[in-house]
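[1] turn this into a model:
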Amino acid sequence: MRRNRKAKIVATLGPASSSPEKIDELFRAGVDVFRINMSHATHEGMRALVRTIREVELRYGRPIGILVDLQGPKLRLGSFESGSVEIAPGQSFVLDSDPAPGGPDRVYLPHPEILEALEAGHHILLDDGKVRLEVTKAEPDRAETTVLAGRRLSNRKGVSLPNTVLRVGALTEKDRKDLEAALREEIDWIALSFIQRPEDVAEARKIARGKVGIMSKIEKPQAVERIEEIIEISDSIMIARGDLGVEMPIELVPGAQKRITRAARRAGKPVVVATQMLESMITAPVPTRAEVSDVATAVFEGADAVMLSAESAAGEYPVLAVETMSRIAEQIEQDQLYQQIIHSQRNEPESTGADTITAAARQIAETLHLAAIVCFTSSGSTGLRAARERPHVPVIALSPVPQTARRLALTWGLHCVVSADVHDVDEMVDRASRIAVEEGFATPGQRIIITAGVPFGTPGATNLLRLAFVGSDGLSGI
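    Okay, here's the model as predicted:
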């Protein structure tokens, strides 16, 4: 099940893709990480999906990542007496704490934290940005606004706040229950929705206690403004362009995507580009040319993974969507411009032993045209540093910890293998050589380079670099 690409694929499970047969098909088509969206999944449904994915993993002997995506706060208006109202640009409109049904000039906003945080001059977007309001006067229990755009409002439409930082955390009571339920299962990543600040990530990290990786979804302008701090406290980043494009001018989203991708790569944290990548394949067997270019742009930028949402969860062609995305990534990575772009964006190694070792391994492997880089990684940090280098040659990540191999399945270029720990250098070299042959990355007579930490099994202690020939029996010739 070796992939012929370095960018990974995340696919969302849903009504179109939750059967054991379909999950098996999706994995064979190219999925590296499965996403379970808790906006729609129940706890029992989530548990059933995890069991099915682990059965597929056992069947193929390949680590598979599982991402559980928390819903986050869903901000919505109250209801109108007649179900909907007509509004006009320039008119006054009030959002207040009165639960009575709304009318042409006011509506209930069942979120006191919003009313407390609003200030004059703030903008409020309703119904995915179709209606835009500007706050003219803010009080603790009501906000007077002027309609800037929009003609009609109906019950329970969503509320977006591009200028307002809420004083409450991003985790709702539902999110906490979902997180606690997910932590009892064999999952690898938790995605946090609608975060605005590093403190939102810290709250989830405290609950998770290191059991899973924390992925911060960037879908609010406030998060973009503090992206460096959020990346630092997160284990990975998702650029959720759908909501981000609602809360900030859509023409700014591509630039934000590039800046976030490069910031995450600089930090050595996996970055996922998501939302509407092959949107037309929900109902069509082929994507638009613009969608192909969109996926290509993410791959050219060196994103760790690209994600399918409704395309795989509810679309008519979930397997074909994965195959299409995989083919696009494969082709882009063979393009003559790809390596030039990746090389030009390569970051200087940080002044640590681990970064020095992994940077040297990449340079040696490329200079000597080695068959592969093999890194022994217990905690996953060695694998992440190797991927940060974006080497031309394949990278095999060997870990004695299944959870580490599964988590690294999200990371650019890493071919993850669960393998028992080694006890000395000779065993390390022989193990690396044998697995490089078995996994199809090397043939007898070729050379590989190996990175590891001594003493073996010590997390985060990459301090060893070894060059080895692969012998005719698959073992080291040195």
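[2] from here on, contacts and neighbour counts on C-alpha atoms
    Will do.
[3] contacts for whichever strand or helix holds residue 260 next, please.
    Using DSSP states H and E, residue 260 sits in helix 253-267. Identification of contacts with helix 253-267 by Cα atoms under 8 Å, 6 or more residues apart in numbering yields 224, 227-228, 231-232, 236-237, 239, 241, 244-245, 270-271, 273, 301-303, 345, 347, 388.
[4] ok, now stretch 118-130?
    With Cα under 8 Å, 6+ apart as the criterion, stretch 118-130 contacts 131-138, 143, 149-150, 153, 157-164, 246-247.
[5] if we can go back for a sec, now the helix holding residue 260 - C-alpha only, CSV.
    Extracted C-alpha coordinates of helix 253-267, given in CSV (Å, rounded to 0.1, in the frame of the first residue of the first chain):
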residue,chain,number,x,y,z
VAL,A,253,-8.2,34.0,1.5
PRO,A,254,-5.6,32.7,-1.0
GLY,A,255,-2.9,34.9,0.5
ALA,A,256,-3.8,33.8,4.0
GLN,A,257,-3.7,30.2,2.8
LYS,A,258,-0.1,30.7,1.6
ARG,A,259,1.1,32.5,4.7
ILE,A,260,-0.4,30.0,7.0
THR,A,261,1.0,27.1,5.0
ARG,A,262,4.5,28.5,5.1
ALA,A,263,4.3,29.4,8.8
ALA,A,264,3.3,25.9,9.7
ARG,A,265,6.0,24.4,7.5
ARG,A,266,8.5,26.7,9.1
ALA,A,267,7.5,25.4,12.5
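[6] what packs against the helix or strand following that helix?
    Later in the chain than helix 253-267, the nearest helix or strand by DSSP H and E is strand 271-274. Applying 3 or more Cα pairs under 8 Å, 6 or more residues apart in numbering; DSSP states H and E, one finds that strand 271-274 makes contact with strand 236-240, helix 253-267, strand 305-308.
[7] in the longest one, which residues are buried?
    Neighbour counts using 16 or more other Cα atoms under 10 Å place 253, 256, 257, 258, 260, 261, 262, 263, 264, 265, 266, 267 of helix 253-267 among the buried residues.
[8] how big is the angle separating that helix from strand 236-240?
    170 degrees (axes from the mean of the first three to the mean of the last three Cα atoms, to 10 degrees).
[9] how far does helix 253-267 sit from the chain's center?
    13 Å (Cα atoms, centre = their mean, to the nearest Å).
[10] pLDDT on it, on average?
    What helix 253-267 shows for mean pLDDT is 97.
[11] isn't residue 415 up against residue 407?
    No. Residue 415 is beyond contact range of residue 407, at 11.7 Å (criterion: Cα atoms under 8 Å).
[12] where does pLDDT dip in the protein?
    457-458, 460, 472-478 (pLDDT under 70).
[13] so residue 72: helix, strand or coil?
    With DSSP: H, G, I helix; E, B strand; the rest coil as the basis, residue 72 sits in coil.
[14] out of the contacts of helix 253-267, which end up buried?
    So, of the contacts of helix 253-267, 224, 227-228, 231, 236-237, 239, 241, 244-245, 270-271, 273, 301-303, 345, 347, 388 end up buried under the neighbour-count rule (16+ other Cα under 10 Å).
[15] domains in the protein, as residue ranges please.
    8-72+170-333, 84-160, 353-469 (automatic domain parsing).
[16] so for residue 341, which of these sits nearest?
    domain 8-72+170-333 (6.9 Å; Cα to Cα).
[17] how far is the closest one from where the chain is centred?
    Distance, centroid of domain 8-72+170-333 to centroid of chain: 4 Å (Cα atoms, centre = their mean).
[18] swap in stretch 417-430?
    That offset, for stretch 417-430, works out to 31 Å (Cα atoms, centre = their mean).
[19] so which bits of that stretch are buried?
    Taking 16+ other Cα under 10 Å as the criterion, stretch 417-430 shows 417, 418, 419, 421, 422, 428, 429, 430 as buried.
[20] could you dump the residues you listed into CSV with distance to residue 331 and secondary structure added?
    Shown next, in CSV, are the buried residues of stretch 417-430 (distance: Cα to Cα, whole Å; DSSP: H, G, I helix; E, B strand; the rest coil):
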residue, distance to residue 331, secondary structure
417, 25, strand
418, 28, strand
419, 31, coil
421, 36, coil
422, 37, coil
428, 34, helix
429, 33, helix
430, 34, helix
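[21] quick one, helices of the stretch 301-450 of the chain?
    Applying DSSP state H, counting those that start in this stretch to the stretch 301-450 of the chain gives helices spanning 310-313, 318-334, 336-344, 353-367, 381-388, 402-408, 425-438.
[22] turn those helices into TSV, including distance to residue 93.
    Shown next, in TSV, are the helices of the stretch 301-450 of the chain (distance: least, Cα to Cα, whole Å):
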stretch	distance to residue 93
helix 310-313	35
helix 318-334	43
helix 336-344	50
helix 353-367	56
helix 381-388	50
helix 402-408	48
helix 425-438	66
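[23] buried ones only from the contacts of stretch 118-130, please, as a PyMOL command.
    The following PyMOL line selects those of these that are buried, judged by 16+ other Cα under 10 Å:
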select buried, resi 131+132+133+134+135+136+137+138+143+149+150+153+157+159+160+161+162+163+164+246+247
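[24] list the ones among the contacts of stretch 118-130 that fall in strands.
    131-138, 143, 149, 153, 159-160 (DSSP state E).
[25] which of the three states applies to residue 40?
    coil.
[26] for it, what are its contacts?
    No contacts exist for residue 40 under Cα under 8 Å, 6+ apart.
[27] repeat the analysis, applying 10 Å as the threshold.
    Neighbouring residues of residue 40 by Cα atoms under 10 Å, 6 or more residues apart in numbering: 14, 15, 46, 70, 71.
[28] doesn't residue 49 make contact with the second one?
    No. In this structure residue 15 lies outside contact range of residue 49 using Cα atoms under 10 Å: 11.6 Å.
[29] higher neighbour count, those two?
    More neighbours surround residue 49 than the other of residue 15 and residue 49, with 23 against 12 (other Cα atoms under 10 Å).
[30] how many neighbours does the nearest residue to residue 71 once chain neighbours are set aside have?
    In space, residue 71 comes closest to residue 39 once its chain neighbours are excluded; the distance is 4.8 Å by Cα to Cα, 6 or more residues apart in numbering. The burial count assigned to residue 39 is 14, neighbours taken as other Cα under 10 Å.
[31] much appreciated, bye for now.
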